[in-house]
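Visitor: pasting the sequence and the predicted coordinates here, then a few questions.
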Amino acid sequence: MLETLSDRLGTALRNLRGVGKLSEENMAESLQEVRKALLAADVHFRVARDFIKRVEDAARGQAVLQSVTPGQMIVKIIHDELVDLLGEGSTHLVEKKPLRVMLIGLQGSGKTTFAGKLALHLRKSGYRPALIALDVYRPAAIDQLETIARQNDFLFYGERNVSDVNGIAKRGWEWAKKEAADLIIFDTAGRLQIDEAMLKEAAKLKETVLPDETLLVGDAALGQEAVNVAKSFHQTVPLTGIVLTKLDGDTRGGAALSMKAITGVPIKFLGTGEKVGDLEVFHPDRLAGRILGMGDVVSLVEKAQDAVDEKEAARMAEKLQRADFNFEDFLSQMQAMKKMGPLGGLLKMMPGMNNVEIGDAEEKKMKRTEALILSMTPQERRNPNILNGSRRQRIARGAGLELRDLNALIKQFSQMKKMMKMMRGSKAKKMMKRMGQMGGDGGNFPDLGGLGGGGLGGLGKLPRM
């Protein structure tokens, strides 16, 4: 997400290193590169122009503090301006029960999937969701919404072979009240492109539904066209918020910087994947940090809190201290990491890791490691010492892998346990120093996920910080 913008901004800001004071002369070239980076990321040209002007005004003549470089100073200024551009503070939905939410947008933008994501997100806050299907033009959309509702135990209302959208909405609302639902999400129809009929239908539907929130679900990959879509909808059906979807895909992300500025409507959620749990509440300061390569540790911690059981984490910490760590423990940690999302996305939330790429190959290595451990019996996972030749052959065959893959995993696991034992007692400080030297030199740590490759998802060989 936003890699193009992050990389270009990083290149532009490196030109300011070694300068003692920010001036129009030494900033001109770098800010021109920043402007090019914004335009290349599909930021609207008026937004890019105004943004650069505000940065220039804020930075002009500022003396650089002794403890920071001009590059760091300008990064701080750009960060603050990005937060202002995206909207200050965290944006939340109206807090009330019952809460009616109407979703609008183009066909294929991810409205139906987002309906399930929003229902799951708000159920954690105590809401009882009901999903109302209003896309009467695509039976597959009704089926998809019903499937999402059934899989996640949400209430669902839909009428097939009925074209009266407003009638369905009224009946769905009355049904939801009888079922004691206090979160009613209306999933409306989309089109391949904006047309007058769709806008009129959406406006009439809003009069019928009287939603507390009207959210435009927009595909971030549309670039500047997403801005035009938001503007057209907002002029006809006043919006209360924007949802950007598909930020995990091949998108330059400029829509995130433009839609708020052009429409004045806050961005409220980010869709970061296809799973029903892949949803983030939008925080302008966090996204600005990601764009500038500062990471987003707060969001990373929130993901960990959702994925990791507190008691289990305490138990694991105690086992690690005793160096009493087996394959069963390792498997549970891998599965907890998977709940948090793709490893590449997690790394980009860590400061300084914006340019670390985790490709499909690394993800496949983790899956192969998981397959090998799942092929073991519980007894074998708890006590790897019993893994003789015949057991190893059975495990490798069961995982569909070679015996050498399993042998490499067992060897690496043994190395890690030895390292844990060295960390105990009087050797701890010395070992920490050694690890710091290894990490600083890009050294190789035990490689549990690599099976002949780049570590646990590549974490064994990180670049020098």
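Guide: Now that the structure is in, tell me what you want to look at.
Visitor: secondary structure class of T113, three-state.
Guide: Three-state assignment for T113 (DSSP: H, G, I helix; E, B strand; the rest coil): helix.
Visitor: which element is the closest residue to it other than its chain neighbours on?
Guide: Once flanking residues are discounted, T113 sits nearest to E274: 7.0 Å by CB to CB, 6 or more residues apart in numbering. Backbone N, C-alpha and C define where each C-beta goes, glycine included. Assigned by DSSP states H and E, E274 falls within no helix or strand.
Visitor: E274 and K117, how far apart?
Guide: Taking CB to CB, to the nearest Å as the measure, E274 falls 10 Å from K117.
Visitor: more neighbours: which of these two?
Guide: K117 (25 against 13; other CB atoms under 10 Å).
Visitor: show the contacting residues for D219.
Guide: Contact analysis of D219 by CB atoms under 8 Å, 6 or more residues apart in numbering lists L106, G108, S109, G110, A226, T245, K246.
Visitor: show me which of these are buried.
Guide: Burial by neighbour count, 16 or more other CB atoms under 10 Å: within the contacts of D219 this picks out L106, S109, G110, A226, T245, K246.
Visitor: need the pLDDT of the first one.
Guide: In this case it means L106. L106 is assigned a predicted lDDT (pLDDT) of 87.
Visitor: what sits closest to it if chain neighbours are left out?
Guide: Nearest one to L106, counting by CB to CB, 6+ apart, is G190 at 4.9 Å.
Visitor: hang on, that neighbour packs against M198?
Guide: Yes. Assessed by CB atoms under 8 Å, G190 is found in contact with M198 at 7.5 Å.
Visitor: the stretch of helix or strand H121 belongs to - contacts with which helices or strands?
Guide: Element membership of H121 [criterion: DSSP H and E] is helix 111-123. Counting contacts by 3 or more CB pairs under 8 Å, 6 or more residues apart in numbering; DSSP states H and E, helix 111-123 packs against strand 99-104, strand 129-134, helix 139-152, strand 183-188, strand 241-245, strand 267-271, strand 279-281.
Visitor: give the other helices and strands that the fourth one contacts.
Guide: In other words, strand 183-188. Counting by 3+ CB pairs under 8 Å, 6+ apart, strand 183-188 packs on strand 99-104, helix 111-123, strand 129-134, helix 165-178, helix 196-209.
Visitor: circling back to that earlier point, contacts only, for the residue nearest to L106.
Guide: I104, G105, L106, Q107, G108, S109, K111, D135, M198.
Visitor: about what we covered before: pull out the buried positions in the helix holding H121.
Guide: K111, T112, T113, F114, A115, G116, K117, L118, A119, L120, H121, L122.
Visitor: can you lay out those residues as CSV showing pLDDT and distance to G400?
Guide: Output for the buried residues of helix 111-123, formatted as CSV (pLDDT from 0 to 100; distance: CB to CB, whole Å):
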residue, pLDDT, distance to G400
K111, 92, 39
T112, 94, 35
T113, 93, 32
F114, 94, 36
A115, 95, 38
G116, 95, 33
K117, 94, 33
L118, 95, 39
A119, 96, 37
L120, 94, 33
H121, 92, 37
L122, 94, 41
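Visitor: just the helices and strands packed on strand 183-188: most buried one?
Guide: By mean neighbour count, with neighbours taken as mean count of other CB atoms under 10 Å, strand 129-134 ranks first of the helices and strands packed on strand 183-188 at a mean of 26.
Visitor: angle of that one against strand 183-188?
Guide: Angle, strand 129-134 to strand 183-188, by axes from the mean of the first three to the mean of the last three CA atoms, to 10 degrees: 20 degrees.
Visitor: angle of strand 129-134 against helix 139-152?
Guide: Going by the same axes, to 10 degrees, strand 129-134 is angled at 170 degrees with respect to helix 139-152.
Visitor: tell me the mean pLDDT over strand 129-134?
Guide: Strand 129-134 comes out at a mean pLDDT of 96.
Visitor: quick one: low-confidence ranges for this structure?
Guide: Low-confidence segments of the chain (pLDDT under 70): 1-26, 60-73, 88-91, 223, 247-256, 289-324, 337-363, 420-465.
Visitor: okay, now the domains of it?
Guide: The chain breaks down into these domains under automatic domain parsing: 3-86, 99-294, 309-458.
Visitor: doesn't L93 lie inside a helix?
Guide: No. Counting by three-state DSSP, one finds L93 to be coil, located in no helix.
Visitor: wait, it sits on E213?
Guide: Yes. Between L93 and E213 a contact is recorded at 5.5 Å, counting by CB under 8 Å.
Visitor: which residues do those two both contact?
Guide: Residues touching both L93 and E213 by CB under 8 Å, 6+ apart: L99, V101, G241.
Visitor: contacting residues around the last one?
Guide: When contacts are counted by CB under 8 Å, 6+ apart, G241 is found next to T91, L93, E213, T214, L215, L216, V265, P266, I267, K268, F269.
Visitor: and for it, nearest residue in space, chain neighbours not counted?
Guide: K268 (3.8 Å).
Visitor: doesn't F282 make contact with that neighbour?
Guide: Yes. Using CB under 8 Å, K268 is in contact with F282, at 5.5 Å.
Visitor: K260: which of the contacts of G190 is nearest?
Guide: Checking these against K260 with CB to CB, the nearest one is G105 at 16.3 Å.
Visitor: ok, that closest one - contacts?
Guide: K111, G190, L216, V217, G218, V229, F233.
Visitor: and if we set it to 6 Å?
Guide: Contact analysis of G105 by CB atoms under 6 Å, 6 or more residues apart in numbering lists K111, G190, L216, V217.
Visitor: my guess is the last one is in a helix, correct?
Guide: No. For V217, which was evaluated using three-state DSSP, the result is strand, with no helix membership.
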